[in-house]
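Undergrad: missing the sequence, but the structure's below:
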Ligand SMILES: Cc1cc2nc3c(=O)[nH]c(=O)nc-3n(C[C@H](O)[C@H](O)[C@H](O)COP(=O)(O)OP(=O)(O)OC[C@H]3O[C@@H](n4cnc5c(N)ncnc54)[C@H](O)[C@@H]3O)c2cc1C
């Protein structure tokens, strides 16, 4: 077994696996190093198990709503241990598939912790891998030092491995992970309190989605504590104690640390090569995913830009094409779709209204805010909100924002139209599919406001 490679990838997550397989397809000799389970965050402790828990939580609503549709359902009861056993089997199955994909593509999997040992050299234990190119695809991990005492609190990693759910939980944070778990746990029978510093959760999303996401959590029974980030967490006799800025002390049997994630660069040896990291430890790259050291590249969450699986995969493939394919190419990140899998979920593509205005656009804002048919029939409270931002000068649809059932599925399809530069007139010419919620997007006739 030779230790000379065209490419050594550090991290067998979404981005690293995609890059290594594409590089081999171009004829490169590739090794991939993984210190934990193959598949990375998305498959083992992120998107996949999270969505499987969301499906479980959805039944909480479905059982309740079924009565309105004529069903008698008895007394449903959720057992986390049964879900956990099925989840473990599913992640094992997926990990096995990833391992087979790597073996089938003749990527050499090296198990252990990688350290960049010098230019073109990666060390894994005693073994030294010589690499024409090094790809850093080490992802990120939960921040465990944001508040004194929080280092002992469970994060999303540990929560997804629980076998028994607590009766009550405090969640600290207001990013997508905090909101998704608040929404899910509440439906699985946990009384959730959400603590965050800002006025609204989901910084970076459109204000109209943020206000509605907060309202939807509240409607589901989550207690919101905006402007109330704990300044310390203590362990007291089997309970967790939150100490708030205003000196209030609150006791919880469980506290979820959802205060953010940090790139995995500590101890990787990148400083040795003079590679530039930002204050959070993220690897700085240019549009071609090159770091400041010749022959060292980085993709995905370790660069802390768009921390999303499809972006890591797209970057991995583009980098392999650029290094070993016929011509270099860049990933177009000007329009990235993102979703938050709360119940109901939200999804978005394009700038927020505030950002579009700040960029100088005059906007026609089209909105629909209604109770979907499925909810109206059972007199349910859940609503659906849709928003199109249209550039008044060119008629181009700049952004789609939605909160409501199936928002991620609907916005994913509209993303194709936006990527193709669709105008509002083209949306208007589209014949609706009826009866759907999505048809509202092609039936919005009058702007609710013109701004900018
Ligand atoms: C709870 C949660 C939910 C999420 N939900 C979504 C979602 O719904 N949609 C979405 O698009 N994204 C979601 N994400 C984000 C998504 O998981 C990441 O964007 C994606 O996994 C990034 O891929 P990556 O290849 O950059 O890194 P990762 O998938 O994190 O892979 C990095 C790998 O590198 C390994 N590694 C680290 N250091 C070393 C080392 N020194 N040596 C060897 N190996 C090393 C790690 O063990 C890991 O396997 C979620 C994340 C979390 C935590």
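TA: Now that the structure is in, tell me what you want to look at. Because the structure is predicted, anything quoted here is derived from the model rather than measured.

Undergrad: which residues of the stretch 201-350 of the chain lie near the ligand?
TA: 264, 268, 300, 301, 302, 307, 308, 309, 310, 312, 341 (CB under 6 Å from any ligand atom). Where you see a C-beta, it was placed from the backbone N, CA and C, and this is true even at glycine.

Undergrad: burial measure for the third one, as a count.
TA: If I follow you right, that is residue 300. 36 (other CB atoms under 10 Å).

Undergrad: got a list of what it touches?
TA: Contacts for residue 300 were tallied using CB atoms under 8 Å, 6 or more residues apart in numbering; they are 11, 13, 14, 15, 16, 137, 139, 307, 311, 312, 315, 316.

Undergrad: looking at this protein, which helix is longest?
TA: Taking DSSP state H as the criterion, the chain has its longest helix at helix 80-104.

Undergrad: what sits up against the next helix or strand after it?
TA: For helix 80-104, the following helix or strand on the C-terminal side (DSSP states H and E) is strand 108-111. Applying CB under 8 Å, 6+ apart, the contact partners of strand 108-111 are 1, 5, 12, 30-35, 38, 99, 102-103, 124, 127, 129.

Undergrad: switch the cut-off to 7 Å
TA: Contacting residues not belonging to strand 108-111 are listed as 12, 31, 32, 33, 34, 38, 99, 102, 124, 127, 129 [CB atoms under 7 Å, 6 or more residues apart in numbering].

Undergrad: could you see whether the ligand lies near that strand?
TA: No: using CB under 6 Å from any ligand atom, strand 108-111 never reaches the ligand; the gap is at least 8.6 Å.

Undergrad: what pairs with that strand, parallel or antiparallel?
TA: Note on strand 108-111: by DSSP bridges, its sheet partners are strand 30-34 (parallel).

Undergrad: and the next helix or strand past the partner strand?
TA: That would be, after strand 30-34 and using DSSP H and E, helix 40-45.

Undergrad: circling back: what's the closest of the contacts of strand 108-111 to residue 234?
TA: Among the contacts of strand 108-111, residue 34 lies closest to residue 234 (CB to CB), at 36.2 Å.

Undergrad: host element of the nearest residue to that closest one once chain neighbours are set aside?
TA: In this structure, residue 34 finds its nearest non-sequential neighbour in residue 12, 3.7 Å apart by CB to CB, 6 or more residues apart in numbering. Assigned by DSSP H and E, residue 12 belongs to neither a helix nor a strand.

Undergrad: backbone dihedrals for residue 127, please?
TA: phi -90, psi 140 (degrees, to the nearest 10).

Undergrad: swap in residue 24?
TA: phi -60, psi -40.

Undergrad: so how far is the ligand from residue 228?
TA: Note on residue 228: its distance to the ligand, by CB to the nearest ligand atom, to the nearest Å, is 23 Å.

Undergrad: that residue contacts residue 195, correct?
TA: Yes: at 5.3 Å, residue 228 counts as touching residue 195 under the criterion of CB atoms under 7 Å.

Undergrad: ok, these two, which is more surrounded?
TA: Neighbour count, other CB under 10 Å: between residue 228 and residue 195, residue 195 has more, with 24 against 18.

Undergrad: per-residue pLDDT, that one?
TA: Here, the pLDDT recorded for residue 195 equals 98.

Undergrad: show the contacting residues for it.
TA: 170, 172, 225, 228, 229, 230, 242.

Undergrad: before we move on, the earlier item: report whether the longest helix of the chain contacts the ligand.
TA: No: using CB under 6 Å from any ligand atom, helix 80-104 stays clear of the ligand, with a minimum separation of 10.1 Å.

Undergrad: and the angle for that helix with strand 30-34?
TA: Taking axes from the mean of the first three to the mean of the last three CA atoms, to 10 degrees, one finds helix 80-104 and strand 30-34 inclined to each other by 160 degrees.

Undergrad: re earlier: which among the contacts of strand 108-111 end up buried?
TA: Buried members of the contacts of strand 108-111, scored by 16 or more other CB atoms under 10 Å, are 12, 31, 32, 33, 34, 38, 99, 102, 124, 129.

Undergrad: burial count for the residue lying closest to residue 383 once chain neighbours are set aside?
TA: In space, and not counting its chain neighbours, residue 383 is closest to residue 371: 5.5 Å by CB to CB, 6+ apart. Using other CB under 10 Å, residue 371 has 15 neighbouring residues.

Undergrad: quick one: low-confidence ranges for the stretch 351-452 of the chain?
TA: Across the stretch 351-452 of the chain, nothing is flagged by pLDDT under 70.

Undergrad: pick out the residue in it sitting closest to the ligand.
TA: residue 408 (8.5 Å; CB to the nearest ligand atom).

Undergrad: hang on, that residue packs against residue 347?
TA: Yes: in this structure, residue 408 is within contact of residue 347 by CB under 7 Å, at 4.4 Å.

Undergrad: ok, residue 367 touching residue 448?
TA: Yes: counting by CB under 7 Å, residue 448 is a contact partner of residue 367 at 4.5 Å.

Undergrad: of the two, give the one with the bigger neighbour count.
TA: residue 367 (15 against 12).

Undergrad: please name the bridge partners of the more buried one.
TA: Beta-bridge partners, per DSSP bridges, of residue 367: residue 387.

Undergrad: check contacts around it.
TA: 386, 387, 448.

Undergrad: show me how far the strand or helix carrying residue 355 is from its chain's centre.
TA: Residue 355 belongs to helix 353-358 when assigned by DSSP H and E. From the chain centre to the centre of helix 353-358 is a distance of 23 Å (CA atoms, centre = their mean, to the nearest Å).

Undergrad: then stretch 199-219?
TA: On CA atoms, centre = their mean, the centre of stretch 199-219 falls 16 Å from that of its chain.

Undergrad: and if you look at stretch 128-145?
TA: With CA atoms, centre = their mean, you get 19 Å for stretch 128-145.

Undergrad: got the buried residues for it?
TA: For stretch 128-145, by 16+ other CB under 10 Å, it's 129, 131, 133-143.

Undergrad: just those that are near the ligand?
TA: Among the buried residues of stretch 128-145, the ligand is touched by 137, 138, 139 when using CB under 6 Å from any ligand atom.

Undergrad: look up the closest residue to the last one, ignoring the ones flanking it.
TA: If the residues on either side of it in the chain are set aside, residue 139 comes closest to residue 301, at 4.4 Å by CB to CB, 6+ apart.

Undergrad: check residue 43 too.
TA: Spatial nearest neighbour of residue 43, chain neighbours left out: residue 94 (5.0 Å); criterion: CB to CB, 6+ apart.

Undergrad: I'd like to know which of the contacts of strand 108-111 is nearest to residue 356.
TA: Nearest to residue 356 among those, with distances taken as CB to CB, is residue 12, at 38.4 Å.

Undergrad: got a pLDDT number for that closest one?
TA: 98.

Undergrad: one more: residue 73?
TA: At residue 73, pLDDT is 89.

Undergrad: nothing else from me, thank you.
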